[in-house]
Each structure stands twice: as C-alpha cells, then as structure tokens.
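**Q** sequence plus the predicted model coming up.
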Amino acid sequence: MNIYLKGLLCCLLATVSWGAMFPVMTSALTRIDPFNFTTLRYGIAGIAFALLLLFREGLPAFRLQGERWGLAWVFGTLGFAGFGFLVFLGQHLAGPGGALTASIMMATMPMLGLLTIWALKKVRPRASTFGFILLSFSGVVLVITNGNIAAVLHSPVSLTANLLLIAGALCWVLYTIGGSYFPDWSPLRYTTLTTLLGMISVAATDLLLLATGIIAVPNIATITSVIPHLLYMALVAGLMAVLCWNIGNRIVTPTNGVLFMDVVPVTAFIVSALNGVVPTQVQIAGAAITATALVLNNLSQRKLTRQAIQAAVLKTAIARK
C-alpha cells in the first residue's frame, strides 16, 4: 500500500471512530452517569496503553525520574478528567441532540488551538485566521441554538451544557499542545503516561463524588449493560483511534490531517440520524459553515507555508551570490 494512502486511511479511521463515539455515548448516558463511565473507560484504555508501551519500549519507558512528571500529570488531568467529565456531562445535559452539538465542538479544536497557542506561546494568528475563527464559531452557534439564540440564552440547562462542551474541547486542545513539551517522548509514551497520571485525577474526582453522594455506585447490572459501550469507547475510540491518528499525522503531516476533523460531525450526524435523531436544516447548515471555515483556514495556512519556504530559498540563493 502507498505510504501516503496509508496515512490518509489512518486519519479517516480515527475520525470516523471519534464521530461515532458521541451517538454511542447518547445510549450509554441513559444508563450510567458520565463520571463513573469515564473512570471505567479510561481505566480500560490505560491498561491497554500500558501493556502496549511495555511491549514496544519496555520498562524504562515508565521511569519518570528526572522527567517533568508534574507537567505530564497536569496535561493528563486536562485531557482525560477535564475532557471526559466536561464533554460527556455537557452531552448528557443537552439530551438526545447532545451528540450533534458535542461533535461540532470537536471540529472547532483546530481553531481553539490557534487561540490557545497565541495565549501560551505568543504566536499571533493572522487577520485572515481571525475571520475563519469567527466563521467557524458562527456555524457552531447555528448548531447548538438551532437558529434560536434567545431560547438557548434563556435556558440555563442548554447554556450550561454548551459551556461544558466548550470547556471540554479546550481541555483536549491543551492536552494536544502538551505533547510539544515532551519532544523526547514517543507519541505512545506521551499518551500512555499522561493517561495513567490523568487517571489519578479521574479516580480522585469520582471517589469524591461517590463519597459526597452526588453520584451513586453503579450496580453490576448497570455496568454489564454498558460493557459494549465501554469496549468501544476504550479500545476503538480510545486505543485504536489515538494510535491511528498519531500514525496518520506523522505520514500526511498535521496540516493535512487536521482536515479530517470535519469527518467527526459528519459521522455523528449520520449515526444519529440512523438512530432516529435527525439534524435540522439549520444544524446541517451550521456544520457546513464550520467545515468550510476549517478547510479555508487550512488552505490559507498551506499557502503561507509555501510562501515562507520560497522566501527562505530565495534568501539563501541571494546570500550565496
């Protein structure tokens, strides 16, 4: 198989898996709360990642002496406790249509990433990028409000759900950027160690909520009923999708790979429609606007990259004369 085609297929497989996880969660959240589910999900995924890392890199990969394990714990907490709890709690509060809203939020991550990098690393996006950001969020607004902004603003539950989803998406953006702080770690090591360290925060939060009576201990029947959902979320949308995403982006580069995030809401819309939750025309239009903004921004960034390379080549040629 052509290596580039392999990269494209890996990116596609990852984003299709992520798109389907929101409709899967719609069913699971009718049986179990998002906190216990997240704890079980990442517990399974963490074990799977640990076994894979042990097989690929051996015991030395788990040693954190002299490493920035505290920073890794922060990013793990953001990526797994923050993302898992906030997104799926927001989806739960949003009701049957929450899968569509949540999936659109995931498609805005590249835009959120630009703003986050600007804040953290002082790399200011160009004016055209700001335009694409506004276009992207206008599409999001159409999806989450279904064209009726006033109704959402006057609905505390809907407003809370949307804010939780945005916060959860931001947590995953920060987690993704966190990988750049560990250039010597392989993608598998970063994913595994941050998952295991993040599980400390996930388990602590879950135990606190159980101890205070905010959530109840799930019984065996409840856990048994969500086993298929757990296996999908942990092994398919978790282990397999993350590894495919890392492999695919290494081949096609993140500039091209980011376009596949458009597949997430498309997949969620299709799966939700098959389950009887059909998006409205306004929501479809909003999704199309967001996807268009991502594509246009990507094309703009590629053009700027080509111009920078050409300028560098010209400068080098002049210097040699």
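**A** Cool, the structure landed. Numbering: from 1, shown residues only.

**Q** going by C-alpha atoms from here, please, whenever you check contacts or count neighbours.
**A** OK.

**Q** low-confidence stretches in the stretch 51-200 of the chain?
**A** Along the stretch 51-200 of the chain, the parts satisfying pLDDT under 70 run over 96-97, 107-108, 110, 144, 149-157.

**Q** give the contact list for V266.
**A** Residues near V266 by C-alpha atoms under 8 Å, 6 or more residues apart in numbering: G19.

**Q** just the element for the nearest residue to A72 once chain neighbours are set aside, please.
**A** In space, and not counting its chain neighbours, A72 is closest to T194: 5.6 Å by C-alpha to C-alpha, 6 or more residues apart in numbering. For T194, the enclosing helix or strand under DSSP states H and E is helix 187-211.

**Q** and that helix, how far out from the chain middle?
**A** Between the centre of helix 187-211 and the centre of its chain there are 16 Å (C-alpha atoms, centre = their mean, to the nearest Å).

**Q** what average pLDDT does the very next helix or strand once past it get?
**A** Using DSSP H and E, the helix or strand that follows helix 187-211 in sequence is helix 220-225. For helix 220-225, mean pLDDT rounds to 92.

**Q** report all helices and strands that helix 220-225 contacts.
**A** Judged by 3 or more C-alpha pairs under 8 Å, 6 or more residues apart in numbering; DSSP states H and E, helix 220-225 is in contact with no other helix or strand.

**Q** which of the residues in it are buried?
**A** By 16 or more other C-alpha atoms under 10 Å, the buried positions in helix 220-225 come out as I223.

**Q** same question, stretch 62-82
**A** Buried residues in stretch 62-82, counted by 16+ other C-alpha under 10 Å: 72-82.

**Q** straight-line length of it, end to end?
**A** From its first residue to its last, stretch 62-82 covers 23 Å (C-alpha to C-alpha, to the nearest Å).

**Q** roughly how far is it from the heart of the chain?
**A** Chain-centre distance of stretch 62-82: 18 Å, with C-alpha atoms, centre = their mean.

**Q** my guess is I32 contacts T222, does it?
**A** Yes. With contact defined as C-alpha atoms under 8 Å, I32 reaches T222; the gap is 6.8 Å.

**Q** one step back: pull out the buried positions in the helix holding T194.
**A** Buried residues in helix 187-211 (16+ other C-alpha under 10 Å): 188-203, 205-207, 209.

**Q** just checking, what packs against it?
**A** Packed next to helix 187-211, using 3+ C-alpha pairs under 8 Å, 6+ apart, are helix 34-57, helix 69-76.

**Q** pick the one among the buried residues of stretch 62-82 closest to I3.
**A** Closest approach between the buried residues of stretch 62-82 and I3, by C-alpha to C-alpha: G79, at 29.8 Å.
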